[in-house]
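# no FASTA, just this:
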């Protein structure tokens, strides 16, 4: 027996019905399925194995958010008393804060338990990161290829592999942008075509990881590559939202590049289609045709 799982977000005729009840819901579902399964926007559940492999990533993310919350609380309490903990990385915060509080023993007794909690959270996060790296190298070799892309690390590559699962589900690699909610919503009628924000469909955690990767790529420490050039060109247009649009565009192109590399089994190229001497020409303002430079990262 074939089972069709409907996308609840696409069924306004049911959840906005003024006389909503189980009997009417079942009748509407049956009518839509009879008219055509596509009207239900059917979804595909991930396999049990993929869900189990995602547990480690999800639990690590939970611990990271808890650590950020505790650190913010500690910094806020110390700042309210007229002091400031020196700037440091999140992983080394408990050490730097403890060294700082030794100079203020009146605060150490009250804040020490929270610092101990931060230390334990950091140790558990490192434990999960080791498990993620081991699982990637042992069971998911496809994710290792994706890590060659700048800003894509073990967590992003493994999450992308587990959430997508089957790259063949996308006939066109550019479709992955819409699947992850990185394309604008559309509200067009007659001569009106509104400019809206992204749809935010699909998995929110994977979308967040891709946006963070794009932010790093466009940041001060981002390596020189065609993706970075494209994002900086969009950001240079100016305007209030130019930088945000550039980040979303680069995140979408990252997803397209990752799915294309996965489907074709190819390796990452910083400047696809560009000859060795063309990088210097591009930095001087002389660029090749977009169709030649961006073969690997097709326009989204």
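Structure's in. What do you need? Not measured: the values here are computed from a predicted model.
# Do a quick rundown of the helices in the stretch 151-300 of the chain.
For the stretch 151-300 of the chain, the helices defined by DSSP state H, counting those that start in this stretch occupy 154-164, 175-179, 204-217, 226-235, 242-264, 278-283, 290-293.
# Could you list the low-confidence segments of the chain?
275-300 (pLDDT under 70).
# Mind naming the longest helix for it?
helix 105-139 (DSSP state H).
# Can you list the helices and strands that it packs against?
Packing contacts for helix 105-139, counted by 3 or more C-beta pairs under 8 Å, 6 or more residues apart in numbering; DSSP states H and E, involve helix 48-80, helix 93-101, helix 141-146, helix 154-164. Glycine gets a C-beta too; all of them are placed from N, C-alpha and C.
# Could you check it and say which residues are buried?
For helix 105-139, a neighbour-count test (16 or more other C-beta atoms under 10 Å) marks 107, 111, 114-115, 117-119, 121-122, 125, 128-129, 132-133, 135-136 as buried.
# wait, which of the helices of the stretch 151-300 of the chain is closest to residue 145?
helix 242-264 (6.2 Å; C-beta to C-beta).
# Now do residue 47: how many residues are near it, please.
Counted with other C-beta atoms under 10 Å, the neighbours of residue 47 add up to 12.
# Tell me how far residue 171 lies from residue 259.
11 Å (C-beta to C-beta, to the nearest Å).
# Settle it for me: which of these two has more neighbours?
Comparing residue 171 with residue 259 by neighbour count (other C-beta under 10 Å), the higher total belongs to residue 259, at 24 against 8.
# Distance of the more buried one relative to residue 208?
When residue 259 is compared with residue 208 (using C-beta to C-beta), they lie 18 Å apart.
# Can you pull the domain assignment for the protein?
For the chain, automatic domain parsing gives the domain ranges 8-40, 48-139, 143-185+201-293.
# Out of those domains, which is the most enclosed?
The highest mean neighbour count among these, using mean count of other C-beta atoms under 10 Å, belongs to domain 143-185+201-293: a mean of 17.
# want to try TSV for the helices and strands packed on helix 105-139, with distance to residue 13 as columns?
Shown next, in TSV, are the helices and strands packed on helix 105-139 (distance: least, C-beta to C-beta, whole Å):
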stretch	distance to residue 13
helix 48-80	30
helix 93-101	51
helix 141-146	39
helix 154-164	29
